[in-house]
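Student: the sequence and its predicted three-dimensional model are supplied below.
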Amino acid sequence: QVQLVESGGGLVQPGGSLRLSCAASGFDWDYGAIGWFRQAPGTEREGVSCISGEDGGTYYADFAKGRFTISRDNAKKMVFLEMSRLKPEDTAVYSCALSTGWSTRTSAYKYWGQGTQVTVSS
């Protein structure tokens, strides 16, 4: 079955960096898309970035452009989210998810990991 396991969250000071990892298994790696999403307390889940399984195409939410980079390691079946110049408003639970087709809509992602907490604070 599909499994997605995130790691790499933690506490970081404003302006710092973190790399999140998503280990994926149980599906055809060459299709669909894997996305990163985040949810802060009292807010709706929002998309951060996603990457296509077919061609490696990427999408970034406006707040992520220039600060976050999504990538994938096909051999290890992992997706990474490199986050830099982090701000307190980036504090949230970050989750990776799988869509069976390319989409930037949260509703298209049917399989989810458990999430990893990112806290940006001094």
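Tutor: Happy to help now that I have it.
Student: what does stretch 63-72 rub up against?
Tutor: Stretch 63-72 has contacts (CB atoms under 8 Å, 6 or more residues apart in numbering) with 34, 36, 48-51, 56, 58, 60, 78-86. In short, each C-beta sits where N, CA and C put it, glycine included.
Student: all strands of the protein, in order?
Tutor: With DSSP state E, the ranges of strands along the chain come out as 3-7, 10-12, 18-25, 33-39, 46-52, 58-60, 68-73, 78-83, 92-99, 111-112, 116-120.
Student: quick one: these as JSON lines, columns for mean pLDDT too.
Tutor: Putting these into JSON lines (pLDDT from 0 to 100) gives the following:
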{"stretch": "strand 3-7", "mean pLDDT": "96"}
{"stretch": "strand 10-12", "mean pLDDT": "98"}
{"stretch": "strand 18-25", "mean pLDDT": "96"}
{"stretch": "strand 33-39", "mean pLDDT": "97"}
{"stretch": "strand 46-52", "mean pLDDT": "96"}
{"stretch": "strand 58-60", "mean pLDDT": "97"}
{"stretch": "strand 68-73", "mean pLDDT": "96"}
{"stretch": "strand 78-83", "mean pLDDT": "97"}
{"stretch": "strand 92-99", "mean pLDDT": "97"}
{"stretch": "strand 111-112", "mean pLDDT": "96"}
{"stretch": "strand 116-120", "mean pLDDT": "98"}
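Student: mind putting those in JSON lines, distance to R105 included?
Tutor: As requested, these are exported to JSON lines (distance: least, CB to CB, whole Å):
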{"stretch": "strand 3-7", "distance to R105": "18"}
{"stretch": "strand 10-12", "distance to R105": "29"}
{"stretch": "strand 18-25", "distance to R105": "19"}
{"stretch": "strand 33-39", "distance to R105": "9"}
{"stretch": "strand 46-52", "distance to R105": "8"}
{"stretch": "strand 58-60", "distance to R105": "11"}
{"stretch": "strand 68-73", "distance to R105": "17"}
{"stretch": "strand 78-83", "distance to R105": "18"}
{"stretch": "strand 92-99", "distance to R105": "8"}
{"stretch": "strand 111-112", "distance to R105": "14"}
{"stretch": "strand 116-120", "distance to R105": "22"}
